[in-house]
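S.K.: this one's structure only:
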């Protein structure tokens, strides 16, 4: 893919897959759900041609990056620490940060916890939302968007995965990634075949 190189980097106790191209200041791209580094392929090519070292990891649990079995291994602190270790491995002090969806949320946390490592942040799709420390995050999302909000649907291990498997990967991804419906992604319990159509 026009010189994009792939490698694994040992970060924070896991092996992280990264795609990269170019030399110069680092632009770190963070993907959303259900995406991978591949979502950034066009931006990697365009910005690497303009003098930037573009780096797009598969975040913890995604793609070719390790997926620890323990649910407790997926806190925002774990994922931010993965990125801090990645930045150190690139031997730079600061990066330009670009985040989308889940990656945008993690990027906000990186900015808050390690502002000294971020030159600038480009946020796509998810504004900064203050967390209420007295309300669990998923409960707050459920109150805002209802029980069928996609994040709420993934709380019981295996349940949503089984529904998606029954509908088929192609169908689910096509509908999630090409919807024209405004608003948050809603995955009704009755049938995945009614998703976003």
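M.R.: All right, it came through fine. Treat the numbers as computed from the prediction; the structure is a model and nothing was measured.
S.K.: Low-confidence ranges, the protein, go.
M.R.: By pLDDT under 70, the low-scoring segments of the chain are 189-197.
S.K.: so how far is the lengthiest helix in it from its chain's centroid?
M.R.: Ranked by residue count and defined by DSSP state H, the top helix of the chain is helix 76-89. How far helix 76-89 lies from its chain's middle: 13 Å, per Cα atoms, centre = their mean, to the nearest Å.
S.K.: and the next element down the chain from that helix?
M.R.: Once helix 76-89 ends, the next helix or strand along the chain (criterion: DSSP states H and E) is strand 95-100.
S.K.: Give me the contact list for that following strand.
M.R.: 25-32, 35, 39-40, 43, 52, 55, 87, 105-108, 110-111, 117-126 (Cβ atoms under 8 Å, 6 or more residues apart in numbering). In this view, the C-beta of every residue, glycine as well, is placed from N, C-alpha and C.
S.K.: Drop anything exposed from those residues.
M.R.: 26-32, 35, 39-40, 52, 55, 87, 105-108, 110-111, 117-118, 121, 123, 126 (16 or more other Cβ atoms under 10 Å).
S.K.: Show only the entries of the residues you listed found in strands.
M.R.: Among the buried ones among the contacts of strand 95-100, the members found in strands (DSSP state E) are 26, 27, 28, 29, 30, 55, 118, 121, 123.
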